[in-house]
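**Student:** I need the structure of the sequence given here:
(one chain, ligands or ions: 2)
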Amino acid sequence: MNKKIVEALNSDLALELSAITQYMWHHVMATGLESPHIQQKFKEISIVEMKHAEAIANRITYLGGTPTTKPAEIRVGGDLKKMIKDDLKGERIAIKQYTEHVRLCDEEGDFVTKRMLEKIIADEQEHDDFWSSVLDIKTLGEEGL
Ligand SMILES: [Fe+2]
Ligand SMILES: [Fe+2]
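**Tutor:** Ligands and ions are numbered 1, 2, ... in the order given. So this is what the prediction gives:
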């Protein structure tokens, strides 16, 4: 078993588990005139994050590891703008981490895990792009959220 890859995937899984809960909670709690479309989007993305979690957990199991059940930090609450900012923050943390783990896969010669992570990054960039345009903040690299 490649411990480095399994550890990296478990920290990715923890991020996905927190994203699932955070988005679903936001879906349930979002209120207000501007929110029906956004409220639906929270749910849609939560389901995408669940598919990421499933893929990662399957890969960990295949590699001989045990998938974690512990989520990373979950940021919920506040008004709609605060929720979106917290979600965008989560996406950017995920993109950064996944990019590092793609490099690790290169170093370790695990091209199948690499391909899975690259597909997930593409989804996270779509989420980043969506929330960035809702908030009118430039995608990627913008600090101070
Ligand atoms: Fe995800
Ligand atoms: Fe995402």
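**Student:** pick out the residue of the chain closest to ligand 1.
**Tutor:** In the chain, the residue that lies nearest ligand 1 is His52 (3.6 Å; C-beta to the ion). Using the backbone N, CA and C atoms, a C-beta is placed for each residue, glycine as well.
**Student:** packing partners for the host helix or strand of that residue?
**Tutor:** Following DSSP states H and E, one finds His52 within helix 35-62. The contact analysis (3 or more C-beta pairs under 8 Å, 6 or more residues apart in numbering; DSSP states H and E) places helix 35-62 against helix 3-29, helix 80-108, helix 111-135.
**Student:** tell me which other helices or strands the last one touches.
**Tutor:** The reference is to helix 111-135. helix 3-29, helix 35-62, helix 80-108.
**Student:** and if you look at the longest one?
**Tutor:** When contacts are defined as 3+ C-beta pairs under 8 Å, 6+ apart, helix 80-108 packs onto helix 3-29, helix 35-62, helix 111-135.
**Student:** for Pro71, find the nearest of these.
**Tutor:** helix 3-29 (3.8 Å; C-beta to C-beta).
**Student:** buried ones in that closest one, by neighbour count?
**Tutor:** 5-6, 8-10, 12-20, 22-27 (16 or more other C-beta atoms under 10 Å).
**Student:** average pLDDT for that helix?
**Tutor:** Mean per-residue pLDDT for helix 3-29: 97.
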